[in-house]
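> predicted model, plus sequence, below.
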Amino acid sequence: MAELHVEDLTVAYGGSRVLDGVSLHVRPGEFVALLGSSGCGKTTLLRAVSGFVPVDGGRIAIAGQDVTRAPPERRDTAMVFQSYALWPHMTTAQNIGYGLKLRRWPRPRIAERVAEMLRLLKLDGLADRNVTQLSGGQRQRVALGRALAVKPDILLLDEPLSNLDARIRLELRHEIRALQQRLGITAVHVTHDREEAMVMADRIVILNAGTIAQIGTPEEIYRRPASPFVASFLGADNVVTLHAVRTAGALEIAAGPDHDAVRLPLGDDRAYGAATAEGPVDAHFRTEAARLAAPGAVPADALVLRGRITQTAYPGGRWRYGVAVGGTVFLVDDDERRTVGDAVAIVIQPSALHCFPARRERPEATPTIWPNHLA
Ligand SMILES: Nc1ncnc2c1ncn2[C@@H]1O[C@H](COP(=O)(O)OP(=O)(O)OP(=O)(O)O)[C@@H](O)[C@H]1O
C-alpha cells in the first residue's frame, strides 16, 4: 500500500494553464475519484502522476519518493485506459503478462501471476484467446489484469468504463471496487459520471477549470457542497434567490412575490452554507429533494414557492414537473399525477437547501414586503 502526495501542481500545454495549484493526498489503500466536466484537467492530473505529462511547478511523491521529474518507467504506477490499449496481436494471457515480461520476470513466475489474475478477473478459459475476439467488458478486465499483475503502488484508471454498455458498466464498477479493496491497492479513478464516482470512491475530488473545487467523501460533497459550482454539479441546480437574515439558530427568509416569510431552523445538516449567507442568498435544491403540494396545504417550517406546472414527464418511478415560479422554471419530482396549468406549491425542507451568497440579485426574488422584525 502506497500513498500519493500531489502538492501545488501546475501543468500547462503551450501557454495555457490546465492545472493550477492542485494539492491532493491519497492515503494508502484509498480509492479516490477525480470528477469534473469535460476539459477540467482530470486526465492531465492522472497523466502527470504517471509521468506522461511534464509539470511546470509543484511536486509529486509516491510512497514517500519524490517522482516529480522521474520518467514513467521509474514510477510504480499502472494505468487502465478507456480505450483498453491492449496489444491486438496478443492473447489474453500474453497481454496480462506483458508488464512482467518487460520487468524480466522468469517465465514460470509470469505464468503463475497470469493464472492468478485470470482467476481474480474471471477470465478463466480465455487465456489463449486473441483479445480482438473478446467483448468490451472482457477486454477491460484484461487491461485491469495487466495493470494489477505488476503490483503497482498506484493504480490509475482513466475512464475505464466509458466505452462499455450500461449493464456491463455497473457490473464492472462493483468488480473493480471489490478487487481494489481486496488487494488494498491505492487507486485514482478519472470519471465524469457522478454516480460512478459516488458509488466507487472513498473520497471524491471535484475539479473545476484546473483547480480543486472540493474534496470529500461522497456523503460530504453531496450533503455539504462547498460552493454553488459543486452544488449545481452534484445535481442541486434549481436555484432560487432569497433574502435572508441569520438569527440565533435560524435563517429568517423574507417574504417574496411567490413565497411567504419563513424561519428555517439551522442544525448540523440544515440549510448548509447558510451560516455564511446573509442578505441575498442563492438557495440550491435538487429535483428529488423537493415535493409538490396543493397551494393551501403547506407546512410552516419549510420554504414554499408558489407556481404553476408548465411541463410534465415520466422518467420512471415518479413524475417530473417543470414548475414556473415568477420567471424561473424549477424541476421537481412528485408521486402524484398532475396536469399542465395546475397551481402548485413547491415544498422544500431546510435540510434540502444549500445556501450561498447570491452572485447577482434576480428582480423576481426581491422582496416587496420585509417582515417587521427584519426592517
Ligand atoms: N496534449 C495537449 N495539448 C494541448 N492541450 C491539451 C492537451 N491535452 C489536453 N489538453 C487540453 O487541456 C485541457 C484539459 O484536458 P484533460 O484531458 O485533462 O481534461 P479532462 O477533464 O480529462 O476532459 P475529458 O473528460 O473530456 O477527458 C483541455 O482544455 C484540453 O483541450
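The structure has been received and is ready for your questions. Numbers count the residues shown, from 1 in each chain.
> in contact with the closest residue to the ligand within the stretch 151-300 of the chain, which residues?
Of all residues in the stretch 151-300 of the chain, residue 192 sits closest to the ligand, at 4.9 Å by CB to the nearest ligand atom. Every residue, glycine included, has its C-beta placed from N, CA and C. Residues near residue 192 by CB atoms under 8 Å, 6 or more residues apart in numbering: 35, 36, 37, 38, 42, 159.
> if we go to 7 Å?
By CB atoms under 7 Å, 6 or more residues apart in numbering, residue 192 lies in contact with 35, 36, 37, 38.
> which SSE is the third one in?
Assigned by DSSP states H and E, residue 37 falls within no helix or strand.
> roughly how far apart are it and residue 223?
Going from residue 37 to residue 223 by CB to CB, to the nearest Å gives 21 Å.
> more neighbours: which of these two?
residue 223 (16 against 12; other CB atoms under 10 Å).
> where does this protein dip in pLDDT?
Across the chain, the ranges flagged by pLDDT under 70 are 267-277, 360-375.
> get me the contact residues on the stretch 151-300 of the chain for the ligand.
Neighbours of the ligand within the stretch 151-300 of the chain, by CB under 6 Å from any ligand atom: residue 192.
> if we can go back for a sec, which phi and psi does the residue of the stretch 151-300 of the chain closest to the ligand have?
Dihedral pair for residue 192: phi -110, psi 10, per degrees, to the nearest 10.
> follow-up on the earlier one: ok, and of the contacts of residue 192, which contact the ligand?
Applying CB under 6 Å from any ligand atom, the subset of the contacts of residue 192 adjacent to the ligand comprises 36, 38.
> which of the contacts of residue 192 ranks first by neighbour count?
So for the contacts of residue 192 (other CB under 10 Å), the most neighbours sit at residue 35, 27 neighbours.
> can you give me the helices in the stretch 151-300 of the chain?
Assigned by DSSP state H, counting those that start in this stretch, the helices in the stretch 151-300 of the chain fall at 166-183, 194-200, 218-223, 228-233.
> most tightly surrounded among those helices?
With neighbours defined as mean count of other CB atoms under 10 Å, those peak in mean count at helix 228-233, which reaches a mean of 20.
> name the helices or strands packed onto it?
strand 203-208, strand 211-216, strand 279-285 (3 or more CB pairs under 7 Å, 6 or more residues apart in numbering; DSSP states H and E).
> is it true that residue 45 touches residue 24?
No: if you go by CB atoms under 7 Å, residue 45 and residue 24 don't touch, sitting 8.1 Å apart.
> neighbour count for these two, which is higher?
Shown here are residue 45 and residue 24; by other CB under 10 Å, residue 45 has more neighbours (28 against 20).
> got phi/psi on the more buried one?
phi -60, psi -40.
> any idea how far it is from residue 283?
Shown here: residue 45 relative to residue 283, a distance of 32 Å by CB to CB.
> which helix or strand contains the nearest residue to residue 228 once chain neighbours are set aside?
Excluding its sequence neighbours, the residue lying closest to residue 228 (CB to CB, 6 or more residues apart in numbering) is residue 356, at 4.9 Å. Applying DSSP H and E as the criterion places residue 356 in strand 354-357.
> in that strand, what's buried?
354, 355, 356 (16 or more other CB atoms under 10 Å).
> cool, and stretch 331-348?
331, 332, 333, 334, 342, 344, 345, 346, 347, 348.
> just the strands in the stretch 201-350 of the chain please.
203-208, 211-216, 238-247, 250-253, 262-265, 279-285, 290-293, 303-316, 318-325, 328-334, 343-348 (DSSP state E, counting those that start in this stretch).
> is residue 100 in a helix, a strand, or coil?
Recorded secondary structure, residue 100: helix (DSSP: H, G, I helix; E, B strand; the rest coil).
> enumerate every residue touching it.
110, 113, 149, 150 are the contacts of residue 100 under CB under 7 Å, 6+ apart.
> just checking, which of the residues you listed belong to helices?
Taking DSSP state H as the definition of helices, these contribute 110, 113, 149.
> which of the residues you listed sits closest to residue 8?
Nearest to residue 8, judged by CB to CB, of the ones in helices among the contacts of residue 100 is residue 149 at 33.5 Å.
> what's the distance between that closest one and the ligand?
Distance from residue 149 to the ligand, counting by CB to the nearest ligand atom, to the nearest Å: 26 Å.
> so how far is residue 183 from that residue?
11 Å.
> picking up where we left off before, please export the C-alpha coordinates of the strand holding residue 356 as PDB.
C-alpha atoms of strand 354-357 as PDB (Å, rounded to 0.1, in the frame of the first residue of the first chain):
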ATOM      1  CA  HIS A 354     -27.800  24.700   0.000                       C
ATOM      2  CA  CYS A 355     -27.400  28.400   0.500                       C
ATOM      3  CA  PHE A 356     -24.700  30.700  -0.800                       C
ATOM      4  CA  PRO A 357     -24.300  34.400  -1.100                       C
END
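> just to revisit the earlier point, could you check how far the residue of the stretch 151-300 of the chain closest to the ligand is from residue 225?
With CB to CB as the criterion, residue 192 and residue 225 are 17 Å apart.
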